[in-house]
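Just the structure for this:
(one chain, ligands or ions: 3)
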Amino acid sequence: MELDDISEIMPAASAAAVNGAAKKVFIKTYGCQMNVYDSQRMNDALAADGYAATETIDDADLVLLNTCHIREKAAEKVYSELGRLRQMKAERAEAGREMIVGVTGCVAQAEGREILRRAAAVDLVVGPQTYHRLPDVVRRARGGQKVVETEYSLEDKFEHLPQPRKSEVAKRGVTAFLTVQEGCDKFCTFCVVPYTRGSEVSRSVAQIVAEAERLAEAGVREVTLLGQNVNAWHGEGSDGKEWGLGRLLYRLAEIPGIARLRYTTSHPRDMDDELIAAHRDLRALMPYLHLPVQSGSDRILKAMNRRHTAADYLKLIERIRTARPDIAMSGDFIVGFPGETDADFEATMEIVRATNYASAYTFKYSPRPGTPGADMDGHVDEKVKDARLQRLQALITQQQHAFADSLVGQTISTLIEKPGREPGQIVGRSPWLQPVIVDEKAGEIGDIINVRITKTGTNSLFAETA
Ligand code: SAH
Ligand code: SF4
Ligand code: F3S
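Ligands and ions are numbered 1, 2, ... in the order given. Below is the predicted model of the structure:
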């Protein structure tokens, strides 16, 4: 009898345990926070089908690579990993043990069937819009089929995915991600996301509130709302009116147990008045905002199709800082976009100086197949990109250290998250996402305590109870 058939006559929860011991799944996650969240939801969906999650690839009967397509390096990493898995799968076959290999995430969506051609080890390819079908796809793959599911589904996958399990949420800790919005309609000329994640879709208020309540009941204190364009989120509120992200944050701040809220990643064009007002009014909304600008040159911003100028961005930051003076900024930058001259790059250095970031991510432009940027003239020499990246990175590191140093002597709130690396220490998180190291007697995991910063480490802060 084929495994497919057995799954039909056995209850779903034991379908994967047909050979005695429960089956195990190992998911390796690449890319952004949305992939981290998706991997958790895939684990939940597979658990309902009898697959226990494992952190050890050697124990796994099912290995999934949840992939990222944003830059060439990220996508190529997947193929080298698949090469290793091919070897492992061959060794397993000799020992008579099954290993199903799957590719999910943005490379799966972008390359689909091509992955089967390039990597013989792969049994299944599932794009981000169809994760609710994963258990079924795995069953088909175990029956010997090669399965590719990358069609954009008309169904709402979130309606079909099981709710996060409270026991799992509790294991994952006191902070959690919650995807509220997916996809992007902005089509920046460098970016693959509109192609890999499809057009913008917002989850409903009811779904989001129910999930946040469930997280809170499992002990979560800090929720980060996720979306490729999170501040483009909109939906019909409980009052029948159209809500934006700002209004949603007011609603989520009412949930007992949720003490901290964050959201990422936002686009400057979608920072509306209500969202800025939420930063002014809500103590739960952390004073830390990731607001990528990519470049400081108007010419390059135009070529990138960002649809705002450097001055628009700086004006926006001024409005946000007026509403919430202690807000710290974070951002993303691309150096070496096609046509970027020395003067354009200097404009980027200038916007960084003018903004003064608490942290920021810098990337060398990577031409992506199918995006307009890849076909533009004036590709920048790799050596020039390297030199620009180094200068920009040095400036940002300097700002990051200056920000951390400015906290020494101050009393700040810290959410205690986990035991420290050294005995007797415990690690918390500052409002600005820095790890804060304190004596373990300072409080329990999940407590939010006030601590006084005594000194800074490379990427962390040291503190004593205030
Ligand atoms: N939605 C977010 C960003 C998502 S991608 C936004 O609009 O800002 C995360 C970051 O990767 C981007 O902000 C950009 O800085 C970087 N990135 C995207 N495509 C890239 C490419 N082709 N080359 C280099 N960096 C890229
Ligand atoms: Fe990519 Fe631009 Fe959309 Fe962000 S807004 S996901 S950078 S296309
Ligand atoms: Fe990468 Fe897809 Fe996220 S391309 S950055 S995993 S949305």
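
residues in the stretch 101-250 of the chain within reach of ligand 3, list them.
Contacts of the stretch 101-250 of the chain with ligand 3, taken as C-beta under 6 Å from any ligand atom, map to 105-106, 192-193, 196-197, 228. Backbone N, C-alpha and C define where each C-beta goes, glycine included.

Nearest to ligand 3 among the residues you listed?
Relative to ligand 3, the closest of those is residue 106; by C-beta to the nearest ligand atom it sits at 3.3 Å.

Verify the stated contact: residue 212 with residue 180.
No: the pair residue 212 / residue 180 is not scored as a contact, 9.5 Å apart, by C-beta atoms under 8 Å.

Switch the residues of the stretch 101-250 of the chain next to ligand 3 over to TSV; also include pLDDT.
Formatted as TSV, those follow (pLDDT from 0 to 100):
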residue	pLDDT
105	97
106	97
192	97
193	96
196	95
197	94
228	95
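
So which of those residues sit within helices?
106, 193, 196 (DSSP state H).

what subset of these is also close to ligand 2?
Of those, the ones that also sit near ligand 2 (C-beta under 6 Å from any ligand atom) are residue 193.

Make CSV from the ones in helices among the residues of the stretch 101-250 of the chain next to ligand 3 and add distance to residue 266 and neighbour count to it.
CSV is the format used below for those (distance: C-beta to C-beta, whole Å; neighbours: other C-beta atoms under 10 Å):
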residue, distance to residue 266, neighbour count
106, 20, 27
193, 14, 22
196, 19, 27
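
tell me which of the ones in helices among the residues of the stretch 101-250 of the chain next to ligand 3 is nearest to residue 311?
residue 193 (25.9 Å; C-beta to C-beta).

Quick one: residues contacting the closest one.
Residue 193 sits next to 70, 106, 183-184, 228 when contact means C-beta atoms under 8 Å, 6 or more residues apart in numbering.

okay, and for the stretch 251-400 of the chain, where does confidence drop off?
For the stretch 251-400 of the chain, applying pLDDT under 70 flags no range at all.

what residues does it put near ligand 1?
Taking C-beta under 6 Å from any ligand atom as the measure of proximity, the stretch 251-400 of the chain contacts ligand 1 at 265, 267, 292, 294, 332, 334, 363, 365-366, 368.

filter these to the buried ones?
265, 267, 292, 294, 334, 363, 365-366, 368 (16 or more other C-beta atoms under 10 Å).

returning to what we had before: could you dump the residues of the stretch 101-250 of the chain next to ligand 3 into a markdown table with distance to residue 342 added?
Below are those laid out as a markdown table (distance: C-beta to C-beta, whole Å):
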| residue | distance to residue 342 |
| --- | --- |
| 105 | 37 |
| 106 | 33 |
| 192 | 28 |
| 193 | 29 |
| 196 | 33 |
| 197 | 34 |
| 228 | 32 |
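
where do the helices sit along the stretch 51-200 of the chain?
Counting by DSSP state H, counting those that start in this stretch, the stretch 51-200 of the chain has these helices, from start to end: 72-94, 106-111, 114-118, 134-142, 157-160, 166-172, 193-196.

Identify, out of those helices, the most deeply packed stretch.
Most buried of these, by mean neighbour count (mean count of other C-beta atoms under 10 Å): helix 106-111, with a mean of 25.

Just checking that helix against ligand 1, any contact.
No: contact between helix 106-111 and ligand 1 is absent, the nearest approach being 10.2 Å (criterion: C-beta under 6 Å from any ligand atom).

ok, what's across the strand from the nearest residue to residue 148 once chain neighbours are set aside?
Once flanking residues are discounted, residue 148 sits nearest to residue 125: 4.6 Å by C-beta to C-beta, 6 or more residues apart in numbering. Going by DSSP bridges, residue 125 is paired in beta bridges with residue 103, residue 148.
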